[in-house]
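J.: Build me a model:
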Amino acid sequence: MTAALGRHASRLQRFVTMDCRDSNPGRGTAKHTARKRAFAGVCRLKTALLPLGLAIGLAMPVVANAQVAHQVSVVHQGHAVAISYEPKIETKLRQIGLGPRSSPACMWSSRISVQRTAMGLDGRPIAALSRAIPGGKARSGQRAGHCNNLSERERARLAGTTEALRARVIAAAERDDHGLRTELASLEALGTRDSHAR
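T.: Numbering: from 1, shown residues only. The predicted structure is shown next:
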């Protein structure tokens, strides 16, 4: 899908630069004035429509699974429960600046969440304790050039360096500690009530 959208953007870009690069077509001919007027009208229309088309085509999420996980262990009902925190990165790109008198630029925004996964003694995830938690403030910026020229690696790094990303994950895990223990206590209380009911 990403490659197809990139090809779509490239075709649109070539369409505009091919037709609108010369602001004085037909110079020196008898029909110069009429051609220039018609040419300018077409270019104004394309300049107005092109950014919209590219914004729709390239404002797509790019989920990058960065391999920066943080592991902790907590005790639940006398057993150690392994907890893994893994970042989930969603990057959105929007192409701007493809008019005849503007420079291309890629607007980007990167939102990070952290997936908490609790593993039971049988090695299976504990659904009641596994969920996404906030990963901190979103990042955004602008890069010169075309969005479709960014590699998957470059898109992933828009969220920050490996060290910065790992620091975010650890900070999210520390903030989650109290909530996690509260959820564990709730599960333990629920299990006690169930056993009494039986």
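
J.: Would you enumerate the residues in contact with Gly120?
T.: Contact analysis of Gly120 by CB atoms under 8 Å, 6 or more residues apart in numbering lists 81, 126. Where C-beta positions appear, they are placed from N, C-alpha and C, glycine not excepted.

J.: Buried residues, the longest strand anywhere in the chain. List them.
T.: The residue-count maximum for a strand in the chain (DSSP state E) belongs to strand 79-96. Residues of strand 79-96 classed as buried by neighbour count (16 or more other CB atoms under 10 Å): 81, 83-87, 89, 91-96.

J.: same check, this time on stretch 137-155
T.: If you call a residue buried by 16+ other CB under 10 Å, then stretch 137-155 has these buried ones: 139, 143, 146-148, 150, 155.

J.: Columns distance to Ala69 on top of the buried residues of strand 79-96, output as TSV?
T.: Output for the buried residues of strand 79-96, formatted as TSV (distance: CB to CB, whole Å):
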residue	distance to Ala69
Val81	16
Ile83	11
Ser84	6
Tyr85	7
Glu86	5
Pro87	8
Ile89	13
Thr91	19
Lys92	24
Leu93	26
Arg94	30
Gln95	33
Ile96	35
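
J.: biggest separation within these, which pair?
T.: Farthest-apart pair in the buried residues of strand 79-96 is Val81 and Ile96; separation 47.4 Å (CB to CB).

J.: Give me the subset of the buried residues of stretch 137-155 lying in helices.
T.: Residues of the buried residues of stretch 137-155 located in helices (DSSP state H): Arg155.
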